[in-house]
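[1] sequence first, then the predicted structure:
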Amino acid sequence: MNTLKKGLILGVAAISTFCGNPTKNNPNAEIDRKVDSLLSIMTLDEKIGQLSLYTSDMDQTGAFLRPQYIEDIKAGKVGSIFNAYGTAYTRKLQEMAVNETRLGIPLLFGYDVIHGHRTIFPVPLAEASSWDLKAIKTAAEVAAREASAEGLHWTFAPMADIARDPRWGRMVEGSGEDPYLGSLIAAERVKGFQGTDIHDLHTIAACVKHFAAYGAAQAGRDYHTVDMSDRLLREVYLPAYKAALDAGALTVMTSFNDLNGIPATANKYLFDEILRKEWGFEGFVVTDYTAIMELLYHGVAKDAHEASALALNAGVDMSMQDGFYMQTLADLVKQGKVTEKQIDIAAGRILRVKFQLGLFEDPYRYSDPENEKAEIMKSENIAAAHDMAKKSIVLLKNEKQLLPLSKKTKTIAVIGPLADSKRDMIGSWSAAGDWAKSISLLDGLKKKLPNAKFLYAKGAEITGNDTKGFADAVNIAKKADVVIMAVGEGFWMSGEAASRSEIDLPGVQEDLVKAVSKTGTPMVAVLMNGRPLTINWLDENVPAILETWFLGTTAGDAIADVLVGDYNPSGKLPVTFPKNVGQIPIYHSMKNTGRPFDANNKYTSKYLDVSNEPLYVFGYGLSYTKFEYGAIQLSSKEMKTSDKLTVKITLTNAGKMDGEEVVQLYIKDKVASASRAVRELKDFQKVFLKAGESRELTFTIDNEDLSFYRADMSWGSEPGEFVVFIGGNSRDTKSAEFVLN
Ligand code: NOJ
């Protein structure tokens with residue numbers, strides 16, 4: 001018998017001996033026993049191998065693994081691979097690990113499955129605009145079904161980074177500026193990916209990233225420094241990660257930034273103190289790409305050994321791509337800088353996830369070609385993506401009810417660099433999505449209105465200063481009844497390493513809009529972008545504006561649905577749109593300051609050259625119908641900490657179309673031991689009402705909703721006066737006051 005195989009069998013035998021009868025015991029305790037028995041027969045190098053994750057690559061001939069990694073896999077020096085998918089390919093790699101290493105420990109396959117795997121859903125910021133938690137969960141479920149059907153076990157998502165600086169390109173991958181909305185969405189994504197049973201073949205392990213506060217990079221420049229108070233960290237940035245972990249996320253990724261001087265990947269406070277001790281996290285922590293090596297550039301380690309020791313001692317279990325753990329940990333054990341026990345703990349956490357996924361029962365269980373064929377881009381998946389895409393669209397302006405367009409419109413000019421783009425529709429981080437299968441706006445409209453005449457002109461490129469295409473665009477606009485103007489950013493202008501210092505329409509696009517708008521033909525601007533844009537001119541001059549972000553595979557269909565009123569837009573902005581870059585950071589839950597704005601007093605908090613008001617407030621979004629809010633009714637004007645206050649409001653659909661409204665509830669604590677935000681989102685309901693229908697909605701406020709980090713950083717409420725606001729965005733609200741005794 002081949003000695004390698006013999007080793008595997010010995011290993012498995014040892015595991016079963018230690019395990020006893022699996023059916024009688026609690027599965028977690030059993031997995032722990034299996035992990036311990038496996039660790040007891042592993043060499044130090046094999047254990048360190050489990051802490052090492054490397055990428056697969058792609059060239060013209062397809063996917064391949066660098067020769068060094070193949071050797072390393074066979075030597076038991078690799079625990080996980082990322083960027084490898086497809087049943088055939090993952091099986092091939094898995095066979096190397098299972099058949100050719102001493103113990104046959106299966107590989108874990110990870111990938112950035114961020115907003116869909118093959119069927120691409122709207123970018124996460126767009127999904128967040130739906131405020132539809134059920135649809136968001138479904139999106140993650142579908143992504144997990146497709147990813148797991150292609151041999152994947154693990155996604156590097158959700159990104160739970162709160163972001164208040166739209167210059168930061170990665171804002172597109174999160175849920176915007178608000179910790180409450182961000183927490184709910186991060187939790188739903190985890191539930192969608194992992195399901196109720198991670199052993200189920202259609203689920204994958206989630207990875208909450210980037211721990212911590214990656215979204216607060218200074219000046220919105222990616223990978224930049226983060227410096228913030230513990231109060232801000234805990235009030236705003238940590239809750240969404242915590243919510244994702246409470247939802248059961250099995251893994252966490254470190255962030256690239258340093259936090260208050262200590263790079264996250266070497267940050268004991270973050271991983272050892274907060275994540276493990278305070279929150280009791282038991283899964284494993286992976287670094288971001290080469291982040292241990294980057295400790296050298298941060299200037300906190302002089303060589304690979306120091307960097308690895310810092311990371312492991314901080315509580316980081318797996319190194320992504322830099323190979324630093326493999327290179328140094330055995331030496332570090334010899335030198336007494338880290339202990340073998342620490343390595344056992346880290347390897348144990350990773351092996352536990354492999355057991356939970358069932359990889360030791362059958363390492364190929366996710367590599368079934370029949371399942372792959374059945375799941376990938378099946379019609380239900382496309383339908384779910386289409387549903388999510390419609391719900392993600394935000395109507396920003398609709399003067400004189402230009403929208404929805406009549407289905408009898410005769411001639412439609414479709415103009416702009418994004419009007420017939422397929423590639424941009426699937427956005428950044430589009431996993432294994434095939435852009436050629438996506439639907440452009442022009443295609444979607446043609447399908448929707450087969451009897452209309454379409455005139456198309458690109459007009460300009462997304463970037464650059466070529467205006468040669470303007471004449472054509474103006475020419476077709478003159479002949480049309482309406483212009484649909486698709487402008488915005490290229491898919492590559494948001495996402496990782498895609499920060500911008502100006503966030504207006506790139507290139508000559510605004511000039512194109514101006515030139516076409518001079519024709520006087522009514523215009524609808526369809527924005528496609530991965531962050532808020534400063535579109536003041538459009539807001540003042542274009543009668544109708546739709547924010548569509550990047551809507552994924554079915555983008556064109558979803559936009560067409562909204563343009564003709566087959567779907568009544570219901571999205572609300574999860575992030576504030578500034579008027580200019582100088583206002584950043586700008587968000588709804590700002591502090592009042594000691595000198596709140598007063599137009600008649602120079603010495604109050606304001607600018608000389610721009611107002612304090614944003615272009616569009618958080619939570620904003622119009623509908624084709626009109627929603628009216630009654631007065632707030634409180635069950636009492638007073639409450640005790642043990643009480644629940646009932647808040648009622650009547651919502652009426654006073655327009656002519658059925659529609660959905662996101663009813664938002666905000667609270668302000670008027671006087672507290674630490675200064676509080678002017679309002680904080682605490683609850684919302686997405687409500688469907690038929691035209692003319694009214695409904696009384698009920699919210700409940702309890703002590704937790706009134707709690708915060710007090711002056712001494714303890715968590716709890718303080719007696720005093722509170723204001724509750726309810727409305728369809730964070731500015732236009734009804735309010736009522738109550739007292740907490
Ligand atoms: C770097 C990104 O920051 C992270 O989010 C991603 O998961 C890894 N690369 C792996 O692709």
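    Now that the structure is in, tell me what you want to look at. What you see is a predicted model; the values in this text were computed from it and never measured.

[2] what's the neighbour count on the residue in the stretch 401-550 of the chain positioned nearest to the ligand?
    The stretch 401-550 of the chain approaches the ligand most closely through Glu496 (5.3 Å), counting by Cβ to the nearest ligand atom. In this view, the C-beta of every residue, glycine as well, is placed from N, C-alpha and C. Residues contacting Glu496 under the criterion other Cβ atoms under 10 Å number 17.

[3] what are the phi and psi values for it?
    When read as degrees, to the nearest 10, the backbone of Glu496 gives phi -70, psi 140.

[4] can you classify the closest residue in space to it that isn't next to it in sequence by secondary structure?
    The spatially closest residue to Glu496, leaving aside those adjacent along the chain, is Arg170, at 6.0 Å (Cβ to Cβ, 6 or more residues apart in numbering). On the three-state scheme (DSSP: H, G, I helix; E, B strand; the rest coil), Arg170 is labelled helix.

[5] okay, Arg170: pLDDT?
    Per-residue confidence for Arg170 comes out at a pLDDT of 98.

[6] tell me the contacts of the closest residue to the ligand within the chain?
    Shortest the chain-to-the ligand distance, computed as Cβ to the nearest ligand atom: residue-wise this is Phe156, at 3.4 Å. With contacts defined as Cβ atoms under 8 Å, 6 or more residues apart in numbering, Phe156 is in contact with Phe82, Gly110, Tyr111, Asp112, Val113, Ile114, Cys207, Lys209, Met253.

[7] so which of these comes closest to Tyr587?
    Nearest to Tyr587 among these is Lys209, at 21.5 Å by Cβ to Cβ.

[8] please identify the buried residues of stretch 197-214?
    198, 202-214 (16 or more other Cβ atoms under 10 Å).

[9] ok, now stretch 540-559?
    When neighbours are counted by 16+ other Cβ under 10 Å, the buried residues of stretch 540-559 are found to be 542-559.

[10] starting at the chain centroid, how far to it?
    Averaging C-alpha coordinates over stretch 540-559 and over its chain gives two centres that are 20 Å apart (Cα atoms, centre = their mean, to the nearest Å).

[11] around the ligand, pick out the residues from the protein.
    Contact residues of the chain with respect to the ligand, defined by Cβ under 6 Å from any ligand atom, are listed as Asp112, Phe156, Lys209, Asp288, Tyr289, Glu496.

[12] neighbours of the fifth one, how many?
    Using other Cβ under 10 Å as the criterion, Tyr289 is surrounded by 17 other residues.

[13] tell me the contacts of it?
    Under the criterion of Cβ under 8 Å, 6+ apart, the contact partners of Tyr289 comprise Met320, Gln321.

[14] which SS state does it fall under?
    Secondary structure assignment for Tyr289 (three-state DSSP): coil.

[15] phi, psi of it?
    The phi and psi values for Tyr289, taken as degrees, to the nearest 10, are phi -50, psi 120.

[16] from Ser406, how far off is it?
    Here the criterion is Cβ to Cβ, to the nearest Å. By it, Tyr289 lies 51 Å from Ser406.

[17] check Pro543 too.
    Applying Cβ to Cβ to Pro543 and Ser406 gives a distance of 15 Å.

[18] so where's the stretch 551-700 of the chain shaky on pLDDT?
    Within the stretch 551-700 of the chain, the set of residues satisfying pLDDT under 70 is empty.

[19] typed the wrong thing, it's the stretch 151-300 of the chain
    By pLDDT under 70, the stretch 151-300 of the chain contains no weakly predicted segment.

[20] tell me if Val142 really is in a helix.
    Yes: Val142: assigned to a helix according to three-state DSSP.

[21] wait, doesn't it sit right on Arg118?
    No: in this structure, Val142 is not within contact of Arg118 by Cβ atoms under 8 Å, at 9.7 Å.

[22] what sits in contact with each of these two?
    Contact criterion Cβ under 8 Å, 6+ apart; residues bridging Val142 and Arg118 by contacting each: Asn381.
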